[in-house]
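S.K.: I would like the atomic coordinates for the input below:
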Amino acid sequence: MIASSRFVDIHAPQVIGVARAGTLLVGMGLAAWLDHLDRRVPNRHWLVWSQPVFLLWALDLMVRGADVAVWCTFLLPWSYASGAIIGRPSLTDIKGGSRLDLAAVAVYAVALAGLVWGAQRHGQVEPLDLVLWNLDGAQALWWELIGVTLVLVVIDVAWRLRLLHGGADAKALMWVAMLLPTWGALTWIQPGEAVVLALPPALSILLWGGLAFLLIPPWNMVRNLVRGDLKQAADFRHAFHAERMPLDEVTDAHVWMLSTVEVGLDGSERVVHRVRAPRKTPTDEAVREAIAALAALDVDRVWVTRKVPLLVVLWPACVLALLLGDVAGLLFAPLV
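M.R.: Below is the predicted model:
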């Protein structure tokens with residue numbers, strides 16, 4: 001307990017949990033805004049916002065009584081995640097005396113030592129106790145660090161396999177995984193009695209984001225109806241995933257243009273509105289040529305589909321996770 005009065009008892013885990021929630025909302029909110037503006041989030045953002053994550057996690061371990069093996073293992077997820085930001089140490093740079101790479105190797109060595117030492121001290125556990133999380137003390141902390149590292153590996157592999165298309169998306173999920181190691185980090189969220197298994201917070205937020213994407217089609221439908229862009233039956237093919245935009249705004253917007261000009265066998269030109277976005281994003285020159293061809297046919301409004309960054313959807317997903325907890329538990333609790 002860090003403060004108390006006749007009316008309020010404030011415990012350290014509660015303070016750390018609130019600080020984590022605030023860090024999540026602000027850090028992810030800024031990342032989503034940057035991704036919305038430029039479709040990229042610089043590595044500097046994650047370097048800056050990793051500092052409060054490190055501090056809060058270290059305070060959490062301190063309050064919960066981490067031993068030396070846990071403190072050494074604490075560097076394991078950080079060592080792995082750092083590769084996405086600053087890269088892995090290379091033998092050439094190490095031989096050249098690169099201080100950054102030498103420091104990284106030293107951290108890797110301590111992390112591996114912590115992994116081996118912790119496995120000897122805390123690794124003996126019944127599988128059922130691990131699944132049901134019947135662990136406490138330093139043993140629970142050590143397995144928590146192992147679990148976070150495994151989540152980082154899953155996210156990294158998904159990125160390498162292009163299941164996550166943006167590097168910023170993968171880095172954001174790694175950042176969330178270390179900010180919220182378990183749902184226990186949010187002290188106001190209590191798992192229901194029927195919940196046996198739960199997704200890690202980072203993967204749960206990703207699932208929340210996937211559900212949020214389902215709101216985009218009905219939103220597009222309503223917006224197109226209000227704007228009066230659904231004038232004929234053929235327009236309803238674009239009602240759920242596209243919108244009309246002035247031709248002169250396409251160049252500066254983050255969109256895929258669905259309208260194009262095709263030349264028939266007789267040499268005549270006609271405007272065609274495709275349903276699907278192109279598989280490969282066209283070059284700026286190709287977009288300018290397509291716009292010029294449409295303008296030559298006096299087309300002033302075209303069908304486009306917006307490029308919605310995942311981070312923009314993940315921010316409201318973070319809010320839902322902070323309020324409601326694990327989405328998997330909510331979805332599958334009625335089946336248990």
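S.K.: report the buried residues of stretch 322-336.
M.R.: Judged by neighbour count using 16 or more other Cβ atoms under 10 Å, the buried positions of stretch 322-336 are Leu322, Gly325, Asp326, Val327, Ala328, Gly329. Backbone N, C-alpha and C define where each C-beta goes, glycine included.
S.K.: need the nearest residue in space to the fifth one, chain neighbours excluded.
M.R.: The reference is to Ala328. Leaving aside its sequence neighbours, Ala328 sits nearest to Leu199 (Cβ to Cβ, 6 or more residues apart in numbering; 4.5 Å).
S.K.: contact partners for the one you found?
M.R.: By Cβ atoms under 8 Å, 6 or more residues apart in numbering, Leu199 lies in contact with Leu207, Asp326, Val327, Ala328.
S.K.: ok so it is a strand residue?
M.R.: No: going by DSSP: H, G, I helix; E, B strand; the rest coil, the assignment for Leu199 is coil, not a strand.
S.K.: distance of it relative to Asn43?
M.R.: Distance of Leu199 to Asn43, computed by Cβ to Cβ, to the nearest Å: 27 Å.
S.K.: isn't Leu203 up against Val151?
M.R.: Yes: look at Leu203 against Val151 with Cβ atoms under 8 Å: they come within range, at 6.7 Å.
S.K.: which secondary structure state does the residue lying farthest from the centre of the chain sit in?
M.R.: Using Cα atoms, centre = their mean, the residue of the chain lying farthest from its centre is Asp266. It sits 50.2 Å away. Three-state assignment for Asp266 (three-state DSSP): coil.
S.K.: just checking, Val299 touches Ser259?
M.R.: Yes: using Cβ under 8 Å, Val299 is in contact with Ser259, at 6.9 Å.
S.K.: so what sits against both of those two?
M.R.: By Cβ under 8 Å, 6+ apart, the residues touching both Val299 and Ser259 are Val271.
S.K.: higher neighbour count, the two?
M.R.: Neighbours were counted for Val299 and for Ser259 using other Cβ atoms under 10 Å; Ser259 has more, 22 against 14.
S.K.: strands of the chain, start to end?
M.R.: For the chain, the strands defined by DSSP state E cover 3-4, 9-10, 243-246, 255-257, 259-263, 269-273, 301-306.
S.K.: show me where pLDDT drops low in this structure?
M.R.: 1-10, 191-197, 333-336 (pLDDT under 70).
S.K.: redo that, cut-off 50
M.R.: For the chain, applying pLDDT under 50 flags the ranges 3-9.
S.K.: remind me, longest helix of it?
M.R.: Using DSSP state H to define each element, the chain has its longest helix at helix 12-38.
S.K.: buried sites along that one?
M.R.: 13, 15-17, 19-21, 23-24, 27-28, 30-32, 34-35.
S.K.: OK, contacts around the residue positioned nearest the centre of the chain?
M.R.: In the chain, the centroid-proximal residue (Cα atoms, centre = their mean) is Leu173; its distance is 3.7 Å. Neighbour list for Leu173: Ile155, Leu164, Ala202, Leu203, Ile205, Leu206 [criterion: Cβ under 8 Å, 6+ apart].
S.K.: run a quick neighbour tally on the fifth one.
M.R.: By the measure other Cβ under 10 Å, the count of residues near Ile205 is 28.
S.K.: list the contacts for Val313?
M.R.: Neighbour list for Val313: Gly209, Ala212, Phe213 [criterion: Cβ under 8 Å, 6+ apart].
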